[in-house]
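> Predicted coordinates and the sequence they were generated for:
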2 protein chains.
Amino acid sequence: MTLDNISSNKSFSGWHKQYRHHSLSLNCDMRFAIFLPPQAMNEKVPVLYWLSGLTCTDENFMQKAGAQRLAAKLGIAIVAPDTSPRGNDVPDCPEGAYDFGLGAGFYVNATEAPFDTHYQMYDYIVNELPSLIEAHFPINNKRSIAGHSMGGHGALTIALRNPDRYQSVSAFSPICNPINSPWGIKAFSGYLGKDKQNWLNYDSCELIKKSHHFVPALVDQGEDDNFLKEQLKPENLQAIAKNINYPLKLRMQPGYDHSYYFIASFIEDHLDFHAKHLG
Amino acid sequence: MTLDNISSNKSFSGWHKQYRHHSLSLNCDMRFAIFLPPQAMNEKVPVLYWLSGLTCTDENFMQKAGAQRLAAKLGIAIVAPDTSPRGNDVPDCPEGAYDFGLGAGFYVNATEAPFDTHYQMYDYIVNELPSLIEAHFPINNKRSIAGHSMGGHGALTIALRNPDRYQSVSAFSPICNPINSPWGIKAFSGYLGKDKQNWLNYDSCELIKKSHHFVPALVDQGEDDNFLKEQLKPENLQAIAKNINYPLKLRMQPGYDHSYYFIASFIEDHLDFHAKHLG
């Protein structure tokens, strides 16, 4: 597989780089960004995968979260993929909505036409992208995963389904119970079809109930987030986690909203949390 | 004067806010952003004005520089104005170029028609905006100024011309000698006319020669900046500063480019530098 380097910026004595490659799982060309801390010049380093929210690309987190300072200090690489397949032949939401289609892959493997030929974001994030990263960069086999909003949903569901592949998981403002939220219902109906049984594998509240091998989890949620009540529902996830003694820490943050200003304010805690588990 | 609050985000226990107001000097409505550190809830705090570069608005620095973390710790407010007058009746570059007209005010008072009715960015930054900020926010009378590229030129020239108004000045990749750079020659010809005598008041190299009251200055410049040789010329400024013992520290940073990844990597040093002088 070929990786085309399309940008390179020195950042905190490490490097921010963007690459384009052909994705077999998504059947299209994709772009991702990687931050390589200075330690990666001399040794293999662990990696944090960051899954972004609706409308985002690989760029939002790398430009706005302020994560590189501490990642450089801790010696952690960060990989930020795009949020959906891309390209002229990738079907989009017919109404051009922001919450379905391009920029809104929801980290699922679509089963419904016409989305099933490209929208295989679950496979891309869990299998194809890590193989690519570990083959081409000085990255060891320690992985953690994190994300925001739709990406927080992605990070939690992927960690819950693959506890052997991730050391830790964290999320900002995740969609915790998508089968009971308007965003989730719209996306899952479109990508997975009408049978709600097929949605359960992509819902953190459903998955956590069945989990045996626990991945430590940290969730931050702004109390003044406009989407909190209708879309995010962290209280549902926390209630189940408490019942089964799942190591999930939910922190409600007074005054904070859904924006990257919130993420930047607490990203250090998340990087410290992952560093502890990445060893 | 009325200020309309158009956004508000909690950030590092302080607040990022955007405002719209009518500017008398620019003869149009303008937007600016302010970061108020948590200390501003209880006392008046000093302020750093940040002048952005070509094509930017009030948003680039606030979203990408990662400055809020340390500003919150140090108790410094940050004000980020726009880079030119705005609005449908504000004349733009006839060819729509990125380096003249909208987004490219160059922090001068234009004398040439049709730009002279709106392009009075020097007066806006030096007088109108600080009056507005100090009247409406818990800001004391200690000011510093900083900027990037075109905004680095703005910060240096404004500090050199108003040493009594600023405690310190810093710049990333500033246009140090605009009368000898293509960007500066184009902008000054359009805004100030053909007589180069009228350009000298907006050129850091010319101004520093005549300065008596010194404002401490810190300049960071990436060695791999594509614009370094043709447009920026920090060596010209440094040579004159050395001759007259001006307290200007120029740091050449190997490997870094012209981007916000560079700014983010060193913004802490700039905030620490200003904090020392803001007291």
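Looks like it arrived, so ask away.
> Which residue ranges of the stretch 51-200 of chain A form helices?
A:59-64, A:68-74, A:121-123, A:129-136, A:150-161, A:182-192 (DSSP state H, counting those that start in this stretch).
> Buried deepest among those, which one?
Comparing those by mean neighbour count (mean count of other Cβ atoms under 10 Å in any protein chain shown), helix A:150-161 comes out on top with a mean of 28. Backbone N, C-alpha and C define where each C-beta goes, glycine included.
> what pLDDT does the residue lying closest to A:Ala171 once chain neighbours are set aside get?
The shortest distance from A:Ala171 to any non-neighbouring residue, by Cβ to Cβ, 6 or more residues apart in numbering or on different chains, is to A:Gly152 (3.2 Å). The model reports A:Gly152 with a pLDDT of 98.
> for A:Gly279, same thing?
88.
> for A:Glu223, what are its contacts?
Taking Cβ atoms under 8 Å, 6 or more residues apart in numbering or on different chains, we find A:Glu223 in contact with A:252-256.
> try it again with 6 Å
Residues near A:Glu223 by Cβ atoms under 6 Å, 6 or more residues apart in numbering or on different chains: A:252, A:254.
> Roughly how far does A:Ser173 sit from chain B?
A:Ser173 is 13 Å from chain B, where distance means Cβ to the nearest Cβ, to the nearest Å.
> Next: A:Gly101.
A:Gly101 is 26 Å from chain B, by Cβ to the nearest Cβ.
> Same check on A:Tyr124?
A:Tyr124 is 26 Å from chain B, by Cβ to the nearest Cβ.
> Now that we have the helices of the stretch 51-200 of chain A, can you turn them into CSV and tack on distance to B:Asp123?
Below are the helices of the stretch 51-200 of chain A laid out as CSV (distance: least, Cβ to Cβ, whole Å):
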stretch, distance to B:Asp123
helix A:59-64, 32
helix A:68-74, 37
helix A:121-123, 52
helix A:129-136, 52
helix A:150-161, 45
helix A:182-192, 48
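> Which one, of these, ends up nearest to B:Val126?
Nearest to B:Val126 among the helices of the stretch 51-200 of chain A is helix A:59-64 (30.3 Å), distances taken as Cβ to Cβ.
> follow-up on the earlier one: for B:Leu51, find the nearest of the helices of the stretch 51-200 of chain A.
So among the helices of the stretch 51-200 of chain A, helix A:59-64 is nearest, using Cβ to Cβ, at 19.7 Å.
> Close to chain B: what parts of the stretch 51-200 of chain A are there?
Contacts of the stretch 51-200 of chain A with chain B, taken as Cβ under 6 Å from any Cβ of the partner chain, map to A:63-64, A:66.
> circling back to that earlier point, the helices of the stretch 51-200 of chain A: which one's closest to A:Tyr261?
The closest of those to A:Tyr261 is helix A:59-64. By Cβ to Cβ, the value is 8.5 Å.
> just how off-centre is that closest one within its chain?
Relative to the chain's own centre, helix A:59-64 is displaced by 13 Å; criterion: Cα atoms, centre = their mean, to the nearest Å.
> which residues sit against it?
If you take Cβ under 6 Å, 6+ apart as the criterion, helix A:59-64 is touched by A:16, A:33, A:50, A:52, A:80, A:260, B:63-64.
> Return the subset of these lying in strands.
Here DSSP state E is the test, and these give A:16, A:33, A:50, A:80 as lying in strands.
> And the furthest pair within the residues you listed?
Longest span within those, Cβ to Cβ: A:His16 and A:Trp50, 12.7 Å.
> in chain A, what residue sits furthest out from the centroid?
Relative to the centre of chain A, the most outlying C-alpha is that of A:Asn42, 27.6 Å out, by Cα atoms, centre = their mean.
> Give me the phi and psi angles of that residue.
Main-chain dihedrals, A:Asn42, degrees, to the nearest 10: phi -120, psi -20.
> Next: the one 10 residues further on.
In this entry, A:Ser52 is assigned phi and psi values of phi -90, psi 170 (degrees, to the nearest 10).
> From chain B, how far out is the residue farthest from the centre of chain A?
Taken as Cβ to the nearest Cβ, the span from A:Asn42 to chain B is 16 Å.
> show me the contacts for that residue.
Per Cβ under 6 Å, 6+ apart, neighbours of A:Asn42: none.
> again with A:Gln238
A:Leu250.
> Buried residues in the longest helix along chain A, which are they?
The helix that spans the most residues within chain A, counting by DSSP state H, is helix A:260-278. Neighbour-count burial for helix A:260-278 flags A:260-268, A:270-271, A:273-275, A:277-278 (criterion: 16 or more other Cβ atoms under 10 Å in any protein chain shown).
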